[in-house]
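1. I need the structure of the sequence given here:
(one chain, ligands or ions: 1)
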Amino acid sequence: MFTKIKFLTFSFNILHFKNELLNYRESRKVISADKINPNCWKIFMKTFSLNKEKAKALIFDIDLTLYDNLDYYNSQERLVMEKLAHELKRSCDEVIAEVVKLRDDAQRHQGRRPTLGGTIARHYGFDIREIVRWREELFEPEQYLEKDQELHDTLAELSGRYMIAAVTNNPVSIARRTLNALDIERFFQPVIGLDCTYTPKPSMIPYNMVMQDLGIHAENVIAIGDRYEVDLELPVKYGMGGILIEALDEVRQLNIFL
Ligand SMILES: [Mg+2]
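-> Here you go, the predicted model:
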């Protein structure tokens, strides 16, 4: 009996959400009705401690959250490792294999994959400021990224209802160039990069900077990113809501969900 009631309640919620979504879409005309299956999307969206009523700001990760161009993402790691090999005066293949092994081993022993910058700083003794400079000099987001009209329209709509910020482990200049290449830079204020704190995610320091800048508290924030351990685990622990992005389409349709 109890199971039956639960099932009926569940079914009612699905129907209710479907109607709500269709009405919402009709009123905003942002997404055509055939773009998504609202039932599946709602059910599988991975959220953590979400309190939409209190939310005033969205803090986005950038890489593989606001674009899904793997060529650009992979170029970042490759360029940094090539630069590392050059600085160490060793062969590129050898250094790449060594760094991959270091990160794999750390993941096995500690249960989480360390960042590339953190691995290089710890194992090879480079200052994090120097690694930031490498990134500023080497990365070319404009070569890989272009305007995504649907993403642009979604962020334009969300920016009317929320303050929108970005926290990234890239330097601010690269973050702004990345957002600019996607033609969404104007929606983000502030953009906190590695050169603001020299403390890469996962850390609350860059998130605290955003909250201070915007004059809000953790309960007013939803953190959004593609890596739970890096982008969401600490923010959620300290009172923010979290949304885990597993496909760019989820960001493109975020205005319906929020
Ligand atoms: Mg990311």
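2. and the residue in the stretch 101-250 of the chain that the ion sits nearest to, what does it touch?
-> Residue nearest to the ion within the stretch 101-250 of the chain: D226 (4.4 Å; CB to the ion). Just so you know, the C-beta spots here come from the backbone N, C-alpha and C atoms, and that holds for glycine as well. Residues counted as contacts of D226 (CB atoms under 8 Å, 6 or more residues apart in numbering) are 61, 63-65, 244-246.
3. L155 touches F187, doesn't it?
-> Yes: here L155 reaches F187: they are 4.6 Å apart, a contact under CB atoms under 8 Å.
4. shaky segments in the stretch 101-250 of the chain?
-> Applying pLDDT under 70 to the stretch 101-250 of the chain flags no residue at all.
5. which residues in it form helices?
-> 116-124, 128-138, 149-158, 172-181, 194-197, 205-214, 233-237, 248-252 (DSSP state H, counting those that start in this stretch).
6. relative to G241, how far out is Y124?
-> Separation of Y124 from G241 (CB to CB, to the nearest Å) stands at 37 Å.
7. repeat that for T115.
-> 24 Å.
8. the two: which is more packed in?
-> In this view T115 and G241 are compared by other CB atoms under 10 Å, and G241 has more residues nearby, 24 against 18.
9. please name the bridge partners of that one.
-> Going by DSSP bridges, G241 is paired in beta bridges with I222.
10. please renumber the chain so that the first residue is 2 from this point on.
-> Happy to do that; since the first residue is 2 now, the last one works out to G242.
11. for it, which residues are in contact?
-> The neighbours of G242, taking CB under 8 Å, 6+ apart as the test, are 48-53, 56, 222-224.
12. pLDDT of the helix or strand containing V81, averaged?
-> Using DSSP states H and E, V81 sits in helix 71-89. The average of the pLDDT scores along helix 71-89 is 96.
13. can you give me how far it is from the chain middle?
-> Helix 71-89 has its C-alpha centroid displaced from the chain centroid by 21 Å (CA atoms, centre = their mean, to the nearest Å).
14. now do the contacts for the closest residue to L245 other than its chain neighbours.
-> Nearest non-adjacent residue to L245, counting by CB to CB, 6 or more residues apart in numbering: K47, 4.0 Å away. Applying CB under 8 Å, 6+ apart to K47 gives the contacts 244-245, 247.
15. L235 too?
-> 202-205, 208.
16. stretch 201-216 close to the ion?
-> No: for stretch 201-216, no contact with the ion is found by CB under 5 Å from the ion; the gap never falls below 8.9 Å.
17. for that stretch, buried residues please.
-> Neighbour-count burial for stretch 201-216 flags 201-203, 205, 207-208, 210-212, 215 (criterion: 16 or more other CB atoms under 10 Å).
18. who in this protein is up against the ion?
-> 62, 64-65, 227.
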